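A.B. asks: With the input below, show me the fold.
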Amino acid sequence: MTDTEKAALKTSKYDDGNITTLYEMCAAVDPEDTYLEADFAASSEQIPEINAALLLCPTYPYAKKWRETVKRGQVDVDLAAQGRLFGSGTFRVGKEIKPGTYVTTDVDGCYWERQNSSGGTIDNYFTNSARRVQVTIRSSDYAFSSENCGEWRPAR
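C.D. replies: Model prediction:
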């Protein structure tokens, strides 16, 4: 194995030590590749894999678009680590998520609620269908809960 292949394997974070998938990524020049979509953001698992493939094939025809996908994904990974990007569930405000104004888009059957420390509802909202839903989670809220609302991200 070459030094470049060793570096790519380490970057990929693969557990099995098999570099075949990375070479397959380099060989597949597909203009319909999901990674090439303008709004696609790589996941925390995809980021190291794409970066590893780019080590093996830095002149890949769509390398620039792959790098953009990684950059968009890294923004989401960073937001999630900061507690500013989250999905369904119940989260402690100030512990798991940060207070602030959040939005989600294109939802069906979305329900959210802001809760006090007793589990009581401070405020809530339900919609059968909406293009955009917004909520302001206050630092005085104990928890925030949502179901079927998709991914909440900071409002712009």
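
A.B. asks: Enumerate the beta-bridge partners assigned to S146.
C.D. replies: When assigned by DSSP bridges, S146 has beta-bridge partners G89, W112.

A.B. asks: On the pLDDT front, check it for me.
C.D. replies: pLDDT, S146: 98.

A.B. asks: That one and Y111 touch, don't they?
C.D. replies: Yes: contact criterion CB atoms under 8 Å: S146 and Y111 qualify, at 6.6 Å. Where you see a C-beta, it was placed from the backbone N, CA and C, and this is true even at glycine.

A.B. asks: neighbour count winner among these two?
C.D. replies: Under the criterion of other CB atoms under 10 Å, the comparison of S146 against Y111 puts S146 first, with 24 against 16.

A.B. asks: Please enumerate the helices of this protein.
C.D. replies: Under the criterion DSSP state H, the chain carries helices at the ranges 3-12, 20-27, 46-56, 63-81.

A.B. asks: any idea which of these is most buried?
C.D. replies: Most buried of the helices of the chain, by mean neighbour count (mean count of other CB atoms under 10 Å): helix 46-56, with a mean of 20.
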